[in-house]
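Visitor: below are the sequence and a predicted model; questions follow.
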Amino acid sequence: MDKQATIRDHMSALPHTVGSEQTITFAQELMVRHKVRHLPVLHGGELAGIVSDRDLGLVAGLNDVNPDSTPVQEAMSSETYVVPPSAPLGEVLREMGTKKYGSAVVAEQGKVVGIFTTTDAVVMLADWFAKG
């Protein structure tokens, strides 16, 4: 691994996003279709938070929640770990590990340009080991 690597070098570019007013069911279907576990949540084109498949499942499982009519904003976390594409990979990895973040949203000039998840980190580590 290159110690000078930035998050841009390892992020998933142009991630799928979901609107804060979309339903939990819509977000769950989007995750299944695209085989992802995290979606940046947008409101009016701006980053409003992040939602994971676990967040959606927990809220959808509540007795008084109808996932077909409950908006994603009810399940999302508004405290999102956001980094610029130039952020050093090592710093992002350390912060994710220390704070137990499942993902980092990569944004540039207020726009979401990528996402880096724990799955991306595991794949990166596996690739490093495979190179021997």
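Guide: That came in fine, so what should we check first?
Visitor: for the biggest helix by length in the chain, the distance to its chain's centre please.
Guide: When the chain is parsed with DSSP state H, its longest helix is helix 118-130. Using C-alpha atoms, centre = their mean, to the nearest Å, the distance from the centre of helix 118-130 to the centre of the chain it belongs to is 17 Å.
Visitor: for stretch 85-93, same thing?
Guide: With C-alpha atoms, centre = their mean, you get 15 Å for stretch 85-93.
Visitor: now do the same end-to-end measure for that stretch.
Guide: The separation between the terminal residues of stretch 85-93, taken as C-alpha to C-alpha, to the nearest Å, is 14 Å.
Visitor: surely residue 99 touches residue 81?
Guide: Yes. Residue 99 lies in contact with residue 81 (C-beta atoms under 8 Å); the separation is 7.2 Å. C-betas here are computed from N, CA, C, even on glycine.
Visitor: more neighbours: which of these two?
Guide: Neighbour comparison, residue 99 and residue 81: the larger count goes to residue 81, with 16 against 8 (by other C-beta atoms under 10 Å).
Visitor: please enumerate the helices of this structure.
Guide: Using DSSP H, helices in the chain cover 24-34, 53-60, 89-99, 118-130.
Visitor: any chance of the ones you listed in CSV, with distance to residue 107 too?
Guide: Converted to CSV, the helices of the chain look like this (distance: least, C-beta to C-beta, whole Å):
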stretch, distance to residue 107
helix 24-34, 20
helix 53-60, 20
helix 89-99, 13
helix 118-130, 16
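Visitor: in JSON lines, list those helices along with mean pLDDT and distance to residue 77.
Guide: What follows is these, written out as JSON lines (pLDDT from 0 to 100; distance: least, C-beta to C-beta, whole Å):
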{"stretch": "helix 24-34", "mean pLDDT": "97", "distance to residue 77": "13"}
{"stretch": "helix 53-60", "mean pLDDT": "93", "distance to residue 77": "7"}
{"stretch": "helix 89-99", "mean pLDDT": "96", "distance to residue 77": "12"}
{"stretch": "helix 118-130", "mean pLDDT": "90", "distance to residue 77": "15"}
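Visitor: sounds good, over and out.
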